[in-house]
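# sequence first, then the predicted structure:
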Amino acid sequence: MTGETRDVELAPAARGSKRLIEGSMWGAGVLLVVALIGLVNYFGMKYYHRFDWTGSKLYSLSEKTLGVLEGLDRDVAVSVFLQPGSNVYDPTRELLERYAAKSSRLTLRFVDPERNLVEAQRLVDQYQLSGLDVVVFEAGEERRVVDTSSLADWDYSGLQMGAQPTMTAFKGEEAFTGAILELVEARKPRVLFTTGHGERGLDDTENAGLSRVRQLLGEENLELESWSSLGQPDVPAGTDLLVIAGPRAALLPPELAALDRYLDGGGRLLVMLDPELADRGGLVPTGLEEFLAARGVTVGSDIVVDPSATLPFFGAETIFVRASGAHAIVRSLEQAEYPVIVALARSVRPASEAPAGMAAQPLLETSPEGWGESGLDRLSAVARGDDDLAGPVPVAVAVGAREAGGDLPDEPDLLDDAEPAGAAAKPEGEAPKWRLVVVGDSDFATNSQLANAGNPTLLANSFNWLLERQKLLGIGPKRPEQVRLTLTPGQLSAVTWLALAGLPGLAVAAGVTVWFRRRR
């Protein structure tokens with residue numbers, strides 16, 4: 001009796017002890033889970049990384065942008081005035097969040113003009129904006145505004161069928177990085193375009209003009225001006241880059257002498273030469289042929305032909321050429337497999353001998369089936385002859401200082417605190433190093449052609465290499481992949497039955513199976 005009474009009296013204590021142990025274990029488990037979640041969040045914040053699973057790498061930052069963000073020495077505040085329903089809201093937000101993740105110097109905020117009307121109006125007054133749907137970049141007292149209407153290219157061909165516009169290219173990165181550059185660079189490099197010899201004009205909005213070049217390079221934070229070289233003894237002081245775009249008449253000897261002095265002083269020159277046909281056969285001389293030969297570049301008296309690289313709906317004179325080698329100017333073109341479209345181009349190749357201490361390197365070339373047609377009096381029916389330059393035919397060349405290994409320098413770290421080209425101090429007794437890019441065509445940069453394929457990348461990269469802004473090379477618009485799933489009527493019917501009957505049927509079968517097992 002006594003033993004039974006003792007067992008009954010101890011049972012509640014034993015149960016209480018068991019509950020205490022179980023509660024302690026549950027509490028410890030909860031604490032461990034909370035601690036684990038805290039550690040995951042801590043390491044997630046400290047070692048933050050985002051993945052871009054899009055096939056076109058729509059949200060991946062280019063090396064140019066990464067270099068700019070790494071070199072930021074000022075705080076940049078970004079204010080986005082966009083409605084969440086905007087077509088460019090999602091890619092803009094995703095892209096700018098990647099900017100902020102890469103640099104602690106950049107802060108980001110989004111303002112919905114409809115839901116936060118008072119705040120939006122206050123910021124509109126503060127920033128003196130003409131309207132909303134903009135992205136504002138601010139550093140100290142300096143401010144740059146990017147209109148979101150320019151962030152994307154759209155295909156409206158489906159509107160007549162009731163379809164929505166389709167985004168064909170997202171240009172947010174080049175616009176945003178350009179705005180940041182304008183804020184952090186000490187001054188804009190000065191670029192002069194020569195006039196007076198029939199060159200293409202910066203202010204010409206026709207198809208053959210260069211007004212889009214001004215827009216493109218303005219986003220690269222460059223100051224572009226026209227300059228008449230006639231009667232001028234020298235290139236103006238403070239010129240960081242001189243451009244000769246498609247001259248149709250010869251430069252005079254005093255002008256060529258001024259170019260010589262400019263390059264000898266460490267200048268930078270971009271020459272775009274078209275094969276201008278003369279009335280009596282041959283090509284119109286520009287005077288630059290001999291000048292460039294002395295600088296290590298041979299310009300051919302020919303027209304480049306490539307039957308394997310013609311384009312539909314274009315004449316035989318319009319062809320596409322591809323990157324040659326791994327020079328910094330064309331590296332991004334080669335990686336993206338972007339061609340450059342040229343029209344009526346002439347051959348441009350390295351001369352047999354380059355000036356002392358300099359090296360010339362081809363940038364673009366035709367396929368092996370191309371050639372340089374020298375029989376300019378019989379262009380109506382051309383065929384490769386023994387006197388023609390055999391392919392692959394180069395159509396662009398870069399000339400720069402030779403390094404110890406014999407190659408052109410193309411990767412100096414010159415973004416941080418760097419002056420524009422020619423401004424850096426040289427060791428005493430060392431001559432300034434000039435740079436030169438020659439392209440056997442200027443049509444690729446005109447308003448009608450600049451947006452095609454790799455043309456804008458070639459132009460921007462040429463400018464940035466000449467100005468020694470290496471970290472600014474290689475950015476271009478991102479083109480979203482339009483993935484379509486095309487099904488036959490039979491496949492569509494199978495998918496419909498699978499969705500309407502197959503999946504619900506599986507759920508019913510699973511439920512019946514569980515019910516039978518429980519009855520057993």
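Perfect, I can see it now.
# list the buried residues for stretch 194-208?
For stretch 194-208, the neighbour count (16 or more other C-beta atoms under 10 Å) marks 194-197, 199-202 as buried. Quick note: C-beta positions are derived from backbone N, CA and C, even for glycine.
# please apply the same query to stretch 108-124.
Residues of stretch 108-124 classed as buried: 108, 110-113, 120, 123-124 (neighbour count, 16+ other C-beta under 10 Å).
# in JSON lines, list those residues along with distance to residue 38, pLDDT and secondary structure.
JSON lines is the format used below for the buried residues of stretch 108-124 (distance: C-beta to C-beta, whole Å; pLDDT from 0 to 100; DSSP: H, G, I helix; E, B strand; the rest coil):
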{"residue": "108", "distance to residue 38": "25", "pLDDT": "92", "secondary structure": "strand"}
{"residue": "110", "distance to residue 38": "28", "pLDDT": "90", "secondary structure": "strand"}
{"residue": "111", "distance to residue 38": "32", "pLDDT": "85", "secondary structure": "strand"}
{"residue": "112", "distance to residue 38": "32", "pLDDT": "84", "secondary structure": "coil"}
{"residue": "113", "distance to residue 38": "37", "pLDDT": "80", "secondary structure": "coil"}
{"residue": "120", "distance to residue 38": "37", "pLDDT": "78", "secondary structure": "helix"}
{"residue": "123", "distance to residue 38": "36", "pLDDT": "75", "secondary structure": "helix"}
{"residue": "124", "distance to residue 38": "41", "pLDDT": "75", "secondary structure": "helix"}
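# quickly name whichever of those residues is closest to residue 455.
When these are ranked by distance to residue 455 (C-beta to C-beta), residue 108 comes first, at 32.4 Å.
# tell me who's in contact with the closest one.
Applying C-beta atoms under 8 Å, 6 or more residues apart in numbering, we find residue 108 in contact with 78, 80, 96-97, 99-100.
# just residue 293 next, same as before
For residue 293, the contact set (C-beta under 8 Å, 6+ apart) comprises 299, 351.
# how about low-confidence regions in the stretch 201-350 of the chain?
Low-confidence segments of the stretch 201-350 of the chain (pLDDT under 70): 219-221.
# let's see it at 80
215-222, 278-282, 312-317, 325-326, 332, 335-337 (pLDDT under 80).
# which residues in it form strands?
223-228, 241-245, 268-272, 297-299, 303-305, 318-323, 340-343, 348-350 (DSSP state E, counting those that start in this stretch).
# which one of these lies closest to residue 490?
Once the strands of the stretch 201-350 of the chain are compared by C-beta to C-beta, strand 318-323 is nearest, at 40.6 Å.
# gap between that closest one and the chain center?
19 Å (C-alpha atoms, centre = their mean, to the nearest Å).
# what's the nearest residue to residue 139 if we skip its chain neighbours?
The shortest distance from residue 139 to any non-neighbouring residue, by C-beta to C-beta, 6 or more residues apart in numbering, is to residue 183 (4.1 Å).
# and the one you found, what pLDDT?
For residue 183, the pLDDT comes out at 81.
# do the one 4 residues further on as well
We have a pLDDT of 72 for residue 187.
# likewise residue 161?
Reported pLDDT for residue 161: 66.
# ok, now the one 4 residues further on?
At residue 165, the model reports a pLDDT of 73.
# in the stretch 201-350 of the chain, which spans are helices?
211-218, 253-264, 288-293, 328-336 (DSSP state H, counting those that start in this stretch).
# re earlier: following element in sequence after the helix or strand hosting the residue nearest to residue 139, please.
Here residue 183 sits within helix 172-184, counting by DSSP states H and E. Downstream of helix 172-184, the first helix or strand assigned by DSSP H and E is strand 190-195.
# circling back to that earlier point, need the strands of the stretch 201-350 of the chain in a markdown table (columns: mean neighbour count and distance to residue 454).
What follows is the strands of the stretch 201-350 of the chain, written out as a markdown table (neighbours: other C-beta atoms under 10 Å; distance: least, C-beta to C-beta, whole Å):
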| stretch | mean neighbour count | distance to residue 454 |
| --- | --- | --- |
| strand 223-228 | 15 | 21 |
| strand 241-245 | 25 | 18 |
| strand 268-272 | 25 | 16 |
| strand 297-299 | 23 | 22 |
| strand 303-305 | 26 | 17 |
| strand 318-323 | 23 | 8 |
| strand 340-343 | 24 | 5 |
| strand 348-350 | 23 | 17 |
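# fine by me, thanks again.
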